[in-house]
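Colleague: Sequence first, predicted coordinates after that:
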Amino acid sequence: MIDLQNIHKSYKTGTNSLHVLKGIDFHVKEGEMVSIMGSSGSGKSTLLNILGMLDEADEGSYTLDGKSIRNLNEKIAAQYRNKFLGFIFQSFNLINYKTALDNVAMPLYYQGVKRAERTDKAMHYLEKVGLAQWATHLPNELSGGQKQRVAIARALASDPKVLLADEPTGALDTKTSYEVMELIQGINDEGKTILVVTHEDDIAQMTKRIVNLKDGQIIDDTRVQQVLAKNAANV
Amino acid sequence: MFDVERWQEIFETIGKNKLRTFLTGLSVASGIFILVILLGFSSGIQKGVKTQFERDATNSIRIGTRITTKEYKGLNPGRRIQLRNEDFEELNRKYGDQLEFKTALYNMWGTQVTYEGESGNYRLEGASPDQQFIENASLTSGRFLSMDDMDEARKVAVIGYTIQKDLFKGADPIGKMISVYGINFKVIGVYTDPGGSREENRFFVPLKTAQISFAAGDRIRNIAYTIKMSDNFDEAVAMSKTLSENFEKDIKEKYIIAPDDRSAVRVDNTLEEAKKIYSLIAMIRNVFWFIGIFTIIAGVVGVGNIMLIIVKERTKEIGIRKAIGAVPSSIVGMILQEAIFITSIAGFLGLFAGVGLLQLISPMVDNDFIKAPQVDFTTAISTVFILIIAGAIAGYIPARRAAKIKPIEALREE
């Protein structure tokens, strides 16, 4: 599904050049659930941004679902993002003047889906994350866990190939974190490929494979026995 | 532009950001409102000043005589100079090819006029048919004096609108007889004059009739002309000036008056006055345009500024939209369309409010120098469009910048 080869990325800050990614080789098969770990400055967010087509690598090749992601113009990048990827952010990033339902419907609007169908689909995904009765509420009327569920529903709405989650539980307490992870695990069980960037070990343990990043290089890539969030919550 | 889905999205955004929409709209609406009021008063002042000097034809020359104040060639000062029919005829012969309308006048002030028990004092003017054009008078009913009236010395009168109101109480006066010091005159017409009521409390009778009826012989009080206008205004002014000087010189020579006696013979030439007025009007117009253009510039800068703030405020939202698949053109389109929609609605609201206020106060403005402050609708509409287009251009720059924002950077902003 995802195929990264020899990815390099550096940022220029004034006269200094900061080499963030130093040759990443990384492959993810369909249906995998991978966590990317590393301390801050390890390059994990940069890697996720490149995977998410929000940023472009300086060097190396990136293939997503058989399509080469290279020198895309803004328009094509936006269309690919819409079609292939779903984003989940640490700070939720919901549009605060839109209701939960309208937030979930947003990717569909950009796909050109008609209003009635959009509402139908969005409602379906809200039901899936257990927030159907909150559909008409604004984000600031929801708890952190609920906001993240809305964000997950939004990420799912466009039926993407890959879900990219950047510290999805970073702003949540443990109990809520596990609930959110349980939801994400459920989605993975349905066959969706999921990448989670985190620095929390317990969250990483809930994925099926942990990739450790240090100073812009992969130092460790191991498959783990998935801890079910459902069980962890009961501990 | 006519994408229903896009409009739904925009209405939703507008509906949920009422304060922002209101503030944007208010600044645009008040800008247009001020501009409309400004243009309205500009045109009001122009019209007011113009009508003040449109009482008479703008190319007229009027000759009148009074008492000499200087001793000249052994003649004492204090002589009354009396113009006669032959003076008028002589000037006509000599300068006729440069003159358009001509009349000699015999005036009587405070003439008592009576009609069926109602009476009042008005100014009688014995004149030729040409007087109508020299006075810039237009008829509301009946006809003006004719050559036949003159030749046959008919006892007919053309009365001013004020006299019709006073004596006839608005009834039709045509064919009725009015009595002037016991002599009956038949009313043949009613006129109005752009100079207003003080020019409308006169009545005209044929010169010959006036001279016979009131035992004036061949005496006249004034001579009035309009000169033939040439296409070149400055040329006409120069010609008018030369003619005036010639008239004065001829009359002074004939009646043996000191050339530097300024009060014995007066020749007034409206064209020279008109030139001053026209340049004044042009200046007023320029001043108002100057202010107007800067008001528009201020409006455009204001709209652009608000757009910039809106884009800044929406940076994160734009980042989110881009992350979930918005193409750059849809971001630019969204911001511009929303801005154009708000500025248009607000612009037209301001326009209608301004025009409405002008309509409301227009009848209440009772000043000789401001008349019916109204704005030319085409000018106003085009100003609104200029503002909208300029606002859109001013807004396009921040909108395009917004579209170029990298989603990661936008999302990082808290």
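Modeller: Right, received. Where do you want to start?

Colleague: Could you count how many residues lie near the residue in chain A positioned nearest to chain B?
Modeller: Going by Cβ to the nearest Cβ, chain B is nearest to A:Asn82 of chain A, at 2.4 Å. In this view, the C-beta of every residue, glycine as well, is placed from N, C-alpha and C. Using other Cβ atoms under 10 Å in any protein chain shown, the number of residues around A:Asn82 comes to 22.

Colleague: The host helix or strand of it packs against which elements?
Modeller: Using DSSP states H and E, A:Asn82 falls within helix A:74-84. Applying 3 or more Cβ pairs under 8 Å, 6 or more residues apart in numbering or on different chains; DSSP states H and E, one finds that helix A:74-84 contacts helix A:100-111, helix B:315-323, helix B:328-361.

Colleague: Columns distance to B:Ile388, mean pLDDT and mean neighbour count on top of these, output as a markdown table?
Modeller: A markdown table is the format used below for the helices and strands packed on helix A:74-84 (distance: least, Cβ to Cβ, whole Å; pLDDT from 0 to 100; neighbours: other Cβ atoms under 10 Å in any protein chain shown):
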| stretch | distance to B:Ile388 | mean pLDDT | mean neighbour count |
| --- | --- | --- | --- |
| helix A:100-111 | 26 | 92 | 24 |
| helix B:315-323 | 23 | 86 | 23 |
| helix B:328-361 | 5 | 86 | 19 |
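
Colleague: Quick one, which of the ones you listed gets closest to B:Phe88.
Modeller: For the helices and strands packed on helix A:74-84, the distance to B:Phe88 is smallest for helix B:328-361, at 47.7 Å, taking Cβ to Cβ.

Colleague: what angle sits between the closest one and helix B:315-323?
Modeller: Counting by axes from the mean of the first three to the mean of the last three Cα atoms, to 10 degrees, helix B:328-361 lies at 140 degrees to helix B:315-323.

Colleague: Tell me the residue of chain B that sits nearest chain A?
Modeller: Here the residue of chain B nearest chain A is B:Gly325; by Cβ to the nearest Cβ that distance is 2.4 Å.

Colleague: was I right about that residue contacting A:Leu108?
Modeller: No: B:Gly325 is beyond contact range of A:Leu108, at 9.4 Å (criterion: Cβ atoms under 8 Å).

Colleague: What residues sit buried inside the helix or strand where A:Val20 lies?
Modeller: Element membership for A:Val20 (DSSP H and E) is strand A:16-28. Buried residues in strand A:16-28, counted by 16 or more other Cβ atoms under 10 Å in any protein chain shown: A:Val20, A:Leu21, A:Ile24, A:Phe26, A:Val28.

Colleague: could you redo those as CSV and give each row distance to chain B and pLDDT?
Modeller: Formatted as CSV, these follow (distance: Cβ to the nearest Cβ, whole Å; pLDDT from 0 to 100):
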residue, distance to chain B, pLDDT
A:Val20, 13, 88
A:Leu21, 14, 90
A:Ile24, 18, 90
A:Phe26, 19, 90
A:Val28, 20, 93
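
Colleague: closest to B:Ala353 among these?
Modeller: Closest to B:Ala353, out of all of these and judged by Cβ to Cβ, is A:Val20, at 57.3 Å.

Colleague: any chance you could map the strands in the chain?
Modeller: Using chain A. A:2-13, A:16-28, A:33-37, A:59-64, A:67-68, A:85-88, A:162-166, A:193-197, A:209-214, A:217-223 (DSSP state E).

Colleague: should've been chain B
Modeller: Under DSSP E, chain B gives strands at B:60-65, B:83-84, B:99-115, B:118-127, B:138-142, B:156-160, B:177-180, B:183-192, B:202-206, B:219-220, B:222-227, B:265-269.

Colleague: Nearest to B:Thr378, out of those strands?
Modeller: Comparing the strands of chain B by Cβ to Cβ, strand B:138-142 comes nearest, at 27.4 Å.

Colleague: mind showing which ranges of the stretch 251-400 of chain B have poor pLDDT?
Modeller: B:366-369 (pLDDT under 70).

Colleague: Return the residues of it in contact with chain A.
Modeller: B:316-317, B:319-330 (Cβ under 8 Å from any Cβ of the partner chain).

Colleague: Report pLDDT for the residue nearest the centre of chain A.
Modeller: Taking Cα atoms, centre = their mean, the centroid of chain A lies closest to A:Leu164, which sits 1.7 Å from it. With respect to pLDDT, A:Leu164 scores 92.

Colleague: before we move on, back to that, now the residue of chain A closest to chain B: closest residue in space that isn't a chain neighbour?
Modeller: Excluding its sequence neighbours, the residue lying closest to A:Asn82 (Cβ to Cβ, 6 or more residues apart in numbering or on different chains) is B:Gly325, at 2.4 Å.

Colleague: what sits against that neighbour?
Modeller: A:Ala78, A:Gln79, A:Arg81, A:Asn82, A:Lys83, A:Pro107, A:Tyr110, A:Gln111, A:Ser158 (Cβ atoms under 8 Å, 6 or more residues apart in numbering or on different chains).
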